[in-house]
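Enquirer: just a sequence and a predicted model for now, questions to come.
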Amino acid sequence: MARYNRPYQDGDAESINHLYESITGTRRSLPEYEWEWLETWDGPGSIWLEFDDSRRQGDQLICQYSLIPTPMSFWGETVLAGKTENCMSHLEFRGKGNYFYHEKKYFEEAKHKYQAFFTTTGNVAKGAPGKLRMKLGYRPFGVWVVFSYWLTQQALTHELISHVPERLQQWGKVSMFIAGMIARLILRLTKTNQPDSRYSFHTYSDASAPYQQFEDLWTNVASDYGVSIDRSEKYLRWRLEKNPYLAHEFVTISEGYQLLGYLVFTVQEDTCQVVDLIVSDARTDLGSQLLQRLTHISRERDYGKIKFNTSNKNKILKQVFKQAKFINYSEVFKFRKQEPAPAEIELFVYLSEGVQKEQNVWDEENWYITDMFKEGRPYTRRPIE
């Protein structure tokens, strides 16, 4: 076999998208590919490929290791991180150990550019990506959980029924009746008040959002959020405004002329998905006010529910959700042991010695994790990686 490795070159997009479609079943357009890999906020991403030229033309790409440049803030100090994304192995070469050596080789090269590395899909393929990264020195670092707020009895009843064990499906009408009663009780207990009248709220689209103000706010509060994505105007415009997959909206909270915080959300079908939430001094009351405002917007638009993905140990957001009466969806519908199994862990992190000077950097409670850590593609798609 005539195999060879090399970095990305112009013209490789067609082979990459062919391999991507053969694995995911999803056809990716050239603008979607260019946004994610060639025209990021920091220029092209890092891509290393392996080919086998003994295969038929158009199907010679067999491995891809790739990193999206991502700015990360460690208590207000910005470093460049590499987010592993679209790391692929041809279906005919799975399980043969070929991919690991490909990534290992270029991971060492990538360390010259990136000071940190992370992946958010370590639990796919029975945890194989996470296990591979642990062999490279990554640490398993967290389980994603979903906090939800249901807006209609119909949406919550449907959610409850979808979790009824199969052996009880024969009691369909009884199950529906019980689920409806539970849904009414939950909606009554989680009813929110009108947002505080001393604050003003504004809603923006991607194109009209005041990104420079968001950066200014973040600059002042970054140290309060410990470890998180660095929210510069340049990065936010790429990740949100220029995103070809999703349209975003923004809700801001102000007192007088002072911006106190913002919330980013996107909508798919009847679900309002919160992408990010930042407030002055990490004040949980302000975060709760933004979520309450979002619930009123969502009711006016007849959405069924609001969802917010985060890590299971996010101390700031746990308080925000409690005040806003959001429920941990993951605990309601899924029994979880105190210590998650390796295949459940979705976040794996590698940090160079240069960013390990904070003694609490490996304490998960010091990480502020929202969907800004994720890939920015539709939530109905399951990422490869």
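Expert: Now that the structure is in, tell me what you want to look at.

Enquirer: what ranges do the helices span in the stretch 151-300 of the chain?
Expert: 153-161, 172-189, 211-221, 233-236, 284-300 (DSSP state H, counting those that start in this stretch).

Enquirer: could you dump the shortest one to PDB, C-alpha only?
Expert: Written as PDB, here are the backbone C-alpha positions of helix 233-236 (Å, rounded to 0.1, in the frame of the first residue of the first chain):
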ATOM      1  CA  GLU A 233     -15.600  40.600  19.400                       C
ATOM      2  CA  LYS A 234     -13.600  38.800  16.700                       C
ATOM      3  CA  TYR A 235     -14.300  35.400  18.000                       C
ATOM      4  CA  LEU A 236     -18.000  36.100  18.700                       C
END
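
Enquirer: give me the mean pLDDT for it.
Expert: Average pLDDT, helix 233-236: 98.

Enquirer: repeat for the last one
Expert: What helix 284-300 shows for mean pLDDT is 95.

Enquirer: buried ones in that helix?
Expert: 284, 286-295, 297-298 (16 or more other Cβ atoms under 10 Å). For glycine as for every other residue, the C-beta is placed from the backbone atoms N, C-alpha and C.

Enquirer: I'd like those residues written out as TSV, with distance to Ser254 added.
Expert: As requested, the buried residues of helix 284-300 are arranged in TSV below (distance: Cβ to Cβ, whole Å):
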residue	distance to Ser254
Thr284	18
Leu286	10
Gly287	15
Ser288	16
Gln289	11
Leu290	11
Leu291	16
Gln292	15
Arg293	12
Leu294	16
Thr295	19
Ile297	16
Ser298	21
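
Enquirer: about what we covered before: which of the helices of the stretch 151-300 of the chain sits closest to Ser73?
Expert: helix 211-221 (8.1 Å; Cβ to Cβ).

Enquirer: got a list of contacts for that closest one?
Expert: Identification of contacts with helix 211-221 by Cβ atoms under 8 Å, 6 or more residues apart in numbering yields 230-233, 236-237, 241, 259, 261-262, 278-282.

Enquirer: and what of stretch 264-272?
Expert: In contact with stretch 264-272 (Cβ under 8 Å, 6+ apart) are residues 155, 240, 246-251, 273-277, 294, 298, 301-307, 378-380.

Enquirer: what does stretch 284-298 give?
Expert: Contacts for stretch 284-298 (Cβ under 8 Å, 6+ apart): 149, 151, 192-196, 199, 201, 203, 251, 253, 260-263, 265, 272, 274, 277, 279-280, 306, 308, 316-317, 319-321, 323-324, 326.

Enquirer: show me the shaky parts of this structure.
Expert: 1, 122-126, 162-185, 187, 189, 330-345, 357-359, 379-385 (pLDDT under 70).

Enquirer: now do 80
Expert: 1, 95-97, 121-128, 142, 152-196, 329-346, 356-359, 379-385 (pLDDT under 80).

Enquirer: residue ranges of each domain in it, please.
Expert: 3-143, 146-151+194-335 (automatic domain parsing).

Enquirer: now tabulate the ones you listed in CSV and tack on distance to Lys374.
Expert: Output for the domains of the chain, formatted as CSV (distance: least, Cβ to Cβ, whole Å):
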stretch, distance to Lys374
domain 3-143, 5
domain 146-151+194-335, 7
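
Enquirer: Leu351 is nearest to which of these?
Expert: It's domain 3-143; of those, that one is closest to Leu351 (Cβ to Cβ) at 5.1 Å.

Enquirer: start and end of that closest one, how far apart?
Expert: End-to-end span of domain 3-143 (Cα to Cα, to the nearest Å): 37 Å.

Enquirer: do you know which of the helices of the stretch 151-300 of the chain lies nearest Phe141?
Expert: helix 233-236 (21.6 Å).

Enquirer: among the contacts of stretch 284-298, the buried ones, what's the ChimeraX command?
Expert: In ChimeraX syntax, the buried subset of these is picked out as below (16+ other Cβ under 10 Å):
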select :149,151,192,195,199,201,251,253,260,261,262,263,265,272,274,277,279,280,306,308,316,317,319,320,321,323,324,326
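
Enquirer: out of the contacts of stretch 284-298, which sit inside strands?
Expert: In strands, judged by DSSP state E, the following of the contacts of stretch 284-298 are found: 149, 201, 203, 251, 253, 260-263, 265, 272, 274, 277, 279, 306, 308.

Enquirer: show me where the stretch 1-150 of the chain has helices.
Expert: Listed in chain order, the helices of the stretch 1-150 of the chain (DSSP H, counting those that start in this stretch) span 13-24, 30-33, 98-110, 124-135.

Enquirer: so for Glu159, which of those sits nearest?
Expert: helix 124-135 (23.5 Å).

Enquirer: for that closest one, packing partners?
Expert: helix 98-110, strand 116-119, strand 347-351 (3 or more Cβ pairs under 8 Å, 6 or more residues apart in numbering; DSSP states H and E).
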